[in-house]
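Participant: structure for this input, please:
(one chain, ligands or ions: 3)
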Amino acid sequence: MLKIDHKQCTGCGACIEACPQLAAVKIRDRYKFIYPSIDPQRCDDCGRCEEVCPLLCGQPGKPSDGADGAQDGFRPLYFAAKARDRAVLTDSHAGGLFFLIGKRVTAQGGAVYGCAFDENFHPRHIRTSSLTGLEGMRGCKPVQSDTDGIFASVRADLEKGVTVLFTGTPCQCDGLRHFLGKDYDNLIVADMLCGGVTSEGVFHRYLHWREQRLGGRIRDIRFENKRAFGHSGGTRVIFRRGKLRYLLSTPAPMDSLMQMWKNGAILRRSCGNCPYACPERVGDISLGRFVNLRRAHPDFSYAGGVSLVVVSTPKGKALLDELADEVDLAPSDLTRASRNRRLTAPVRQSRYRKERLDEIFSGRFDAAADAFRVRGMLSRIMIWCRWLLPDRVAIGFGRAVRRGSAFLADRMSLFARKKK
Ligand code: SF4
Ligand code: SF4
Ligand code: SF4
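Facilitator: Ligands and ions are numbered 1, 2, ... in the order given. Take a look at the predicted model:
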């Protein structure tokens, strides 16, 4: 019978879906993170759950031939990439590659599986074969989705010959691969360069806290707001107060959930020692944000956001080739791509994680948020200026300030030496 290690279990759900006796069920811990639980009365010790658990099957993902992530003889390729269509770029995370891939798959009659919020803001993996369905999957979501019944649905589609694009966190993608037990020609797996996830419980408490402050009901939330803040991101909330609808944009450094998430204060335990934060990818293609692009590829335009694309299989390469007329691409390498640290190391858990989660689940979201509040009017003004200025202006402004302060420091030290 499966022994569940709460420090390591990623909650991928493969064991739950694979159990023929329905003895493995989904439960939530006190912070509402998903874990499996085995009912010993029902379990007949068939061992199927252990067979599909990625943690018990050695190295996650597919076998690797080298430390640089080479798999089955295919050496991974790294690219900086962005959609040429400005509208796609604006409404998508990073360079908009997920949407373009999804659009192509649905246009060819395939099915796309990915995370979307339902009407009650429950993050769930859903199946779609339409552009409307794809819309909800766009943008990053710092919360773990429910994959109830999804792996079985993917297998049914694959057996029928439907082309399937499955997208999710690497642990979910690995759970799917182990559940299926074999590769299918019509399956494309696109994993995200994952910075960890929080639980649905934390997310709902955050929504409730924001609704109280706004004095209205939240109707939509996005953790990507390029319309207001360029590629720097930020949160966009649409809420209703009385009969009126309002739109509120918040820069990422001033959004409590984003700050707690980025600082590792509300993450799942397994995220702190995630085995998937490495160049050996689970997906045929891996997508994330290209970090520090200006240093890595000074000639590539960063306006609007740029994706880091890691191609790990010939299937992934063929997919990217199909998009050649819709994306701008710049070949890169592991050294430059590793500026996105999720390719080399897991996120760091905050040592105050338990404290923050306890505050959140004892009805004191305010106290947890307060630890990440931006203090000082000047800091607030600087953040708003940085986030509201167009990307080029803000970056140029930042560079000018840095150079100016270096110049002043230099003059001051010269003056002090002369005085001596
Ligand atoms: S050993 Fe078999 S019956 Fe028991 S929980 Fe695992 S899969 Fe289910
Ligand atoms: S299969 Fe996934 S959910 Fe089940 S124990 Fe293993 S890691 Fe946890
Ligand atoms: S950081 Fe790792 S364990 Fe956590 S959700 Fe992402 S892939 Fe899964």
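Participant: can you pull out the strands in the stretch 101-250 of the chain?
Facilitator: 111-117, 123-128, 164-168, 187-192, 217-222, 235-241, 244-250 (DSSP state E, counting those that start in this stretch).
Participant: other residues contacting the fifth one?
Facilitator: Just to be clear, that refers to strand 217-222. Strand 217-222 has contacts (CB atoms under 8 Å, 6 or more residues apart in numbering) with 117, 121, 139, 207, 210-211, 235-241, 245. (Glycine included, C-beta is placed from N, CA and C.)
Participant: now for those residues: which two are most distant?
Facilitator: Between any two of the contacts of strand 217-222, the greatest separation by CB to CB is 24.1 Å, found for Gly139 and Arg241.
Participant: more neighbours, the two?
Facilitator: The residue with more neighbours, out of Gly139 and Arg241, is Gly139; 22 against 12, by other CB atoms under 10 Å.
Participant: check contacts around that one.
Facilitator: Contacts of Gly139 (CB under 8 Å, 6+ apart): Asp91, Ser92, His93, Arg222, Phe223, Glu224.
Participant: what would these look like in JSON lines with pLDDT and distance to Val112?
Facilitator: Putting those into JSON lines (pLDDT from 0 to 100; distance: CB to CB, whole Å) gives the following:
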{"residue": "Asp91", "pLDDT": "78", "distance to Val112": "16"}
{"residue": "Ser92", "pLDDT": "80", "distance to Val112": "14"}
{"residue": "His93", "pLDDT": "82", "distance to Val112": "15"}
{"residue": "Arg222", "pLDDT": "87", "distance to Val112": "19"}
{"residue": "Phe223", "pLDDT": "85", "distance to Val112": "20"}
{"residue": "Glu224", "pLDDT": "75", "distance to Val112": "18"}
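Participant: which among these are in contact with ligand 2?
Facilitator: The subset of these within reach of ligand 2, counting by CB under 6 Å from any ligand atom, is empty.
Participant: can you select the buried ones among those for me in ChimeraX?
Facilitator: This is how ChimeraX selects the buried members of the contacts of Gly139, with burial counted by 16 or more other CB atoms under 10 Å:
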select :91,92,93,222,223,224
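Participant: closest one of the contacts of Gly139 to Leu22?
Facilitator: Phe223 (34.9 Å).
Participant: test my guess that that closest one contacts Thr250.
Facilitator: No. With contact defined as CB atoms under 8 Å, Phe223 and Thr250 do not form a contacting pair (10.3 Å).
Participant: name the residues contacting each of those two.
Facilitator: Common neighbours of Phe223 and Thr250 (CB under 8 Å, 6+ apart) are Thr235.
Participant: circling back: put together JSON lines for the contacts of strand 217-222, with distance to ligand 3 and pLDDT on each row.
Facilitator: Compiled in JSON lines, the contacts of strand 217-222 are given as follows (distance: CB to the nearest ligand atom, whole Å; pLDDT from 0 to 100):
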{"residue": "Phe117", "distance to ligand 3": "17", "pLDDT": "93"}
{"residue": "Phe121", "distance to ligand 3": "19", "pLDDT": "94"}
{"residue": "Gly139", "distance to ligand 3": "16", "pLDDT": "79"}
{"residue": "Leu207", "distance to ligand 3": "20", "pLDDT": "96"}
{"residue": "Arg210", "distance to ligand 3": "23", "pLDDT": "94"}
{"residue": "Glu211", "distance to ligand 3": "27", "pLDDT": "95"}
{"residue": "Thr235", "distance to ligand 3": "20", "pLDDT": "85"}
{"residue": "Arg236", "distance to ligand 3": "24", "pLDDT": "86"}
{"residue": "Val237", "distance to ligand 3": "24", "pLDDT": "89"}
{"residue": "Ile238", "distance to ligand 3": "27", "pLDDT": "90"}
{"residue": "Phe239", "distance to ligand 3": "28", "pLDDT": "92"}
{"residue": "Arg240", "distance to ligand 3": "32", "pLDDT": "92"}
{"residue": "Arg241", "distance to ligand 3": "35", "pLDDT": "91"}
{"residue": "Arg245", "distance to ligand 3": "33", "pLDDT": "91"}
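Participant: among those residues, which ones are buried?
Facilitator: For those, a burial check counting by 16+ other CB under 10 Å picks out Phe117, Phe121, Gly139, Leu207, Arg210, Thr235, Arg236, Val237, Phe239.
Participant: for the residue in the stretch 151-300 of the chain that ligand 1 sits nearest to, give me the pLDDT.
Facilitator: Nearest to ligand 1, among the residues of the stretch 151-300 of the chain, is Phe179, at 11.7 Å (CB to the nearest ligand atom). Note for Phe179: predicted pLDDT of 95.
Participant: who's in contact with it?
Facilitator: So Phe179 contacts Ala14, Glu17, Ala18, Val52, Phe151, Arg155 (CB under 8 Å, 6+ apart).
Participant: the closest residue in space to Cys274 that isn't next to it in sequence is in what secondary structure piece?
Facilitator: Excluding the flanking residues, the one nearest Cys274 by CB to CB, 6 or more residues apart in numbering is Pro346, at 4.0 Å. Take DSSP states H and E as the rule and Pro346 turns out to sit in neither a helix nor a strand.
Participant: who are the contact partners of Pro346?
Facilitator: With CB under 8 Å, 6+ apart, Pro346 has these contacts: Gly196, Cys271, Gly272, Asn273, Cys274, Ala277.
Participant: compute the number of surrounding residues for the single nearest residue of the stretch 201-350 of the chain relative to ligand 2.
Facilitator: Nearest residue of the stretch 201-350 of the chain to ligand 2 (CB to the nearest ligand atom) works out as Ser270 at 7.8 Å. Residues lying near Ser270 (other CB under 10 Å) number 23.
Participant: quick one: it and Cys171 touch, right?
Facilitator: Yes. Between Ser270 and Cys171 there is a contact at 7.4 Å, judged by CB under 8 Å.
Participant: and for Phe361, the neighbour number?
Facilitator: When neighbours are defined as other CB under 10 Å, Phe361 has 17 of them.
Participant: go on, the one 10 residues further on?
Facilitator: Summarising burial for Ala371: neighbours were counted as other CB under 10 Å, giving 16.
Participant: show me where the stretch 251-400 of the chain has strands.
Facilitator: Per DSSP E, counting those that start in this stretch, the stretch 251-400 of the chain carries strands over the ranges 285-289, 307-311, 327-332.
Participant: the last one pairs with which strands, parallel or anti?
Facilitator: It stands for strand 327-332. strand 77-83 (antiparallel) (DSSP bridges).
Participant: how about the partner strand: buried residues?
Facilitator: In terms of neighbour count (16+ other CB under 10 Å), strand 77-83 has its buried residues at Leu77, Tyr78, Phe79, Ala80, Ala81, Lys82, Ala83.
Participant: can you name the residues that contact the second one?
Facilitator: Tyr78 makes contact with Leu308, Val309, Val310, Val311, Pro331, Ser332, Asp333, Leu334, Arg336, Ala337, according to CB under 8 Å, 6+ apart.
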